[in-house]
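1. Attaching a predicted model along with its sequence, questions to come.
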Amino acid sequence: MLNLIIPFVIPEEIEIGDFSSKDFDPDTLDLSQYGRFLLDDNPLNFSKESFNLDNITNRLLIYHKGESFNITEILEGKLSGRTIALGDSVSLVIKLDENSLEMFTEGEHTFKIESDLVSNLDINFELNKSNMNIKFDPDNA
């Protein structure tokens with residue numbers, strides 16, 4: 001969940017470093033060229049050879065005010081013009097397969113993005129009995 005300090009409006013085009021949603025071509029997408037992705041210091045492979053946009057589209061959702069958006073909808077600009085107001089929350093939901101779930105054991109974890117294009121990002125989270133295996137409620141997202 002992302003808590004914002006000031007309201008902002010989602011732009012029509014998303015531009016981060018050399019990436020632009022205007023020029024997005026799923027057939028040539030290679031996230032590995034934008035940086036390294038790590039879970040608990042173990043590299044995650046998002047190279048063009050391993051990346052399946054259809055799979056990611058069905059497994060990654062962003063919720064705002066109870067409405068969901070998949071990656072394709074975001075890149076098509078369906079979030080464009082939407083205001084994320086003070087106090088709003090944005091939930092990122094990632095549906096994992098059984099093999100991926102094995103990586104998420106009880107305890108502390110870190111997801112890292114290391115990049116020369118934007119500031120490095122570390123997301124620390126802890127899993128325990130109170131937040132594992134719970135059903136996501138989109139009405140409260």
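-> Sure thing, it's come through. Here the structure is a predicted model, which is why all the values come from computation and not from measurement.
2. for stretch 76-85, which positions count as buried?
-> For stretch 76-85, a neighbour-count test (16 or more other Cβ atoms under 10 Å) marks 79, 84 as buried. No exception for glycine: its C-beta is placed from N, CA and C like everyone else's.
3. now the helices for the chain?
-> 53-59, 71-75, 98-101 (DSSP state H).
4. low-confidence ranges in this protein?
-> Filtered on pLDDT under 70, the chain yields the residue ranges 1-6, 16-19, 21, 24-31, 46-53, 55-56, 141.
5. Return the residues in contact with the residue nearest in space to the middle of it.
-> Nearest to the mean C-alpha position of the chain, by Cα atoms, centre = their mean, lies residue 92 at 5.8 Å. Counting by Cβ atoms under 8 Å, 6 or more residues apart in numbering, residue 92 makes contact with 2, 60, 61, 62, 63.
6. and if we set it to 7 Å?
-> residue 62 (Cβ atoms under 7 Å, 6 or more residues apart in numbering).
7. now swap in residue 65 and tell me
-> Applying Cβ under 7 Å, 6+ apart to residue 65 gives the contacts residue 88.
8. quick one: it from residue 109, how far?
-> 28 Å (Cβ to Cβ, to the nearest Å).
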